[in-house]
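Enquirer: sequence plus the predicted model coming up.
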Amino acid sequence: MADDRDREEAVVAEFHKKIKEAFEVFDHDSNNTVDVREIGTIMRSLGCCPSEGELHDLIAEVEDEEPTGYIRFEKFLPVMTEILLERRYRPVPEDVLLHAFEVLDSAKRGFLTKEELIKYMTEEGEPFSQEEMEEMLSAAIDPDSNSIHYRDYITMMVIDEH
């Protein structure tokens, strides 16, 4: 029993260390606060991939009663620790991503054109913002063919869980 408790305490301590390190990168004034707009980036750096709606709910949970535009570390730490312990907001597995691209690529060419990608990402589901779309295009589009070879893109984007 003590071994399990020790192991869990070690896991929690490691999570606290990682969360603090990620938080400190964005704590520009070294006052244990970060701009609320950085929370998504901090979470993604810790291997979590929440949707915009999930991110909004989380921010509402950790923000002060009177929103200041900043999140305090002492409110973020316990919530983020729980998220990591429960393995919430895990990235989509590689095979699921591949299947999604294959569904969009009905001609089975192995790529989508830039125009197709923009259409799917801005008009379907939870649409990408202009900034998100530009960021994805800069990473995904092959400038020679002006298309995304999605198998290569998925390999580049998948987070190694080990």
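Expert: Happy to help now that I have it.
Enquirer: could you chop this structure up by domain?
Expert: Following automatic domain parsing, one gets these domains for the chain: 2-86, 94-157.
Enquirer: for the first one, what is the distance to the chain centroid?
Expert: Going by Cα atoms, centre = their mean, to the nearest Å, the spacing between the C-alpha centre of domain 2-86 and its chain's C-alpha centre is 13 Å.
Enquirer: with mean neighbour count added, can I get the domains of the chain in a markdown table?
Expert: For the C-beta atoms, the positions are set from N, CA and C on the backbone; glycine is no exception. Output for the domains of the chain, formatted as a markdown table (neighbours: other Cβ atoms under 10 Å):
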| stretch | mean neighbour count |
| --- | --- |
| domain 2-86 | 14 |
| domain 94-157 | 14 |
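Enquirer: now the ones you listed as CSV including mean pLDDT?
Expert: Shown next, in CSV, are the domains of the chain (pLDDT from 0 to 100):
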stretch, mean pLDDT
domain 2-86, 91
domain 94-157, 90
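Enquirer: which residues are contacting stretch 26-41?
Expert: Outside of stretch 26-41, the residues within contact range by Cβ atoms under 8 Å, 6 or more residues apart in numbering are 23-24, 42, 50, 55, 58-59, 62-63, 67, 69-74, 76.
Enquirer: ok, now stretch 109-128?
Expert: 51-53, 101, 104-105, 132-133, 136-137, 140-141, 145-151.
Enquirer: among those residues, name the ones in helices.
Expert: Judged by DSSP state H, helices contain the following of the contacts of stretch 109-128: 52-53, 101, 104, 132-133, 136-137, 140, 150-151.
Enquirer: just send those residues back as a markdown table, with distance to residue 94 too.
Expert: As requested, those are exported to a markdown table (distance: Cβ to Cβ, whole Å):
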| residue | distance to residue 94 |
| --- | --- |
| 52 | 22 |
| 53 | 24 |
| 101 | 11 |
| 104 | 16 |
| 132 | 21 |
| 133 | 22 |
| 136 | 17 |
| 137 | 21 |
| 140 | 15 |
| 150 | 11 |
| 151 | 10 |
